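Asker: missing the sequence, but the structure's below:
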């Protein structure tokens, strides 16, 4: 079994400050300036800076020199999923990362030699658990959820949701794969993938870890790699 170390860094939108603008490239600065809502601008700025700081540390590059690329697969615009644009043959071609945010919390996970996905959910956000569960949970997961006392269902659902989202982010498929087809272990048991959606056509090896940010935000990180995999998470706040 191969052990993969994941660096997870957390920050808040109120960490935004003018000095971070110097870390952004021209495309990022243009998007920042074009964003109207102050909260969205702050989250975007902190997310970019946090990604560059974490990746720069791993790659041995200054944060502003980390080659990030955003291209929408549909229109070609500069607003797609952010990726590393390393030259062919780079010794760091095996580096992957994932960015997430919810409410005021922003996170980035960085991993070498494996695909990584990170998700966080603000536990205080308004949520219709019943409607969300019908969309995201398979039959067995739904039955297990409603076997719990009503007061426990929100927390249990968010734990399951973040595990699933982390896996789909690591796969790079977003929500194009039905969440109901991806079954994970019960929230109060060790995190694991129990069943994969048929649409994937493959069954990668996955390792998941549950996280809690600031005691109030449910989060999870997933690592996908060939062969057996175990994840070791190092968090920085």
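Answerer: Received the coordinates, thanks. None of these values were measured; they are calculated from a predicted model. Numbers count the residues shown, from 1 in each chain.
Asker: helices of the protein, start to end?
Answerer: With DSSP state H as the criterion, the chain has helices at 26-34, 38-59, 129-136, 139-146, 150-171.
Asker: okay, the angle between the third one and helix 150-171?
Answerer: Think helix 129-136. 30 degrees (axes from the mean of the first three to the mean of the last three Cα atoms, to 10 degrees).
Asker: tell me how far residue 109 lies from residue 195.
Answerer: Counting by Cβ to Cβ, to the nearest Å, the gap between residue 109 and residue 195 amounts to 24 Å. Backbone N, C-alpha and C define where each C-beta goes, glycine included.
Asker: higher neighbour count, these two?
Answerer: Set residue 109 next to residue 195 and count neighbours by other Cβ atoms under 10 Å: residue 109 wins out with 29 against 12.
Asker: which strand in this protein has the most residues?
Answerer: Using DSSP state E, we find that the single longest strand of the chain is strand 2-12.
Asker: low-confidence stretches in the protein?
Answerer: 1, 72-80, 174-175, 201, 227-229, 231 (pLDDT under 70).
Asker: if I look at the one residue sitting closest to the centre of it, how far off is residue 24?
Answerer: In the chain, the centroid-proximal residue (Cα atoms, centre = their mean) is residue 118; its distance is 2.3 Å. Distance of residue 118 to residue 24, computed by Cβ to Cβ: 21 Å.
Asker: got a list of what the nearest residue to residue 52 once chain neighbours are set aside touches?
Answerer: Spatially, and ignoring its direct neighbours in sequence, residue 52 is nearest to residue 63 (3.8 Å; Cβ to Cβ, 6 or more residues apart in numbering). Applying Cβ atoms under 8 Å, 6 or more residues apart in numbering to residue 63 gives the contacts 23, 49, 52-53, 55-56.
Asker: next up, the contacts around residue 57.
Answerer: By Cβ under 8 Å, 6+ apart, the contact set of residue 57 is residue 7.
Asker: do that again at 10 Å, thanks
Answerer: 7, 9, 63, 66, 110, 236 (Cβ atoms under 10 Å, 6 or more residues apart in numbering).
Asker: so how do I select the buried members of the residues you listed in PyMOL?
Answerer: Of the contacts of residue 57, the buried ones go into a single PyMOL selection, burial set by 16 or more other Cβ atoms under 10 Å:
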select buried, resi 7+9+63+66+110
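Asker: need the contacts of residue 57 in CSV with distance to residue 142, can you?
Answerer: Formatted as CSV, these follow (distance: Cβ to Cβ, whole Å):
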residue, distance to residue 142
7, 35
9, 34
63, 44
66, 42
110, 34
236, 36
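Asker: residues near residue 88, how many?
Answerer: 5.
Asker: any buried residues in stretch 143-150, and which?
Answerer: So, applying 16+ other Cβ under 10 Å, buried residues of stretch 143-150: 144-145.
Asker: cool, stretch 218-235 as well?
Answerer: Of all the residues in stretch 218-235, those buried under the rule 16+ other Cβ under 10 Å are 218-225, 229, 231, 233, 235.
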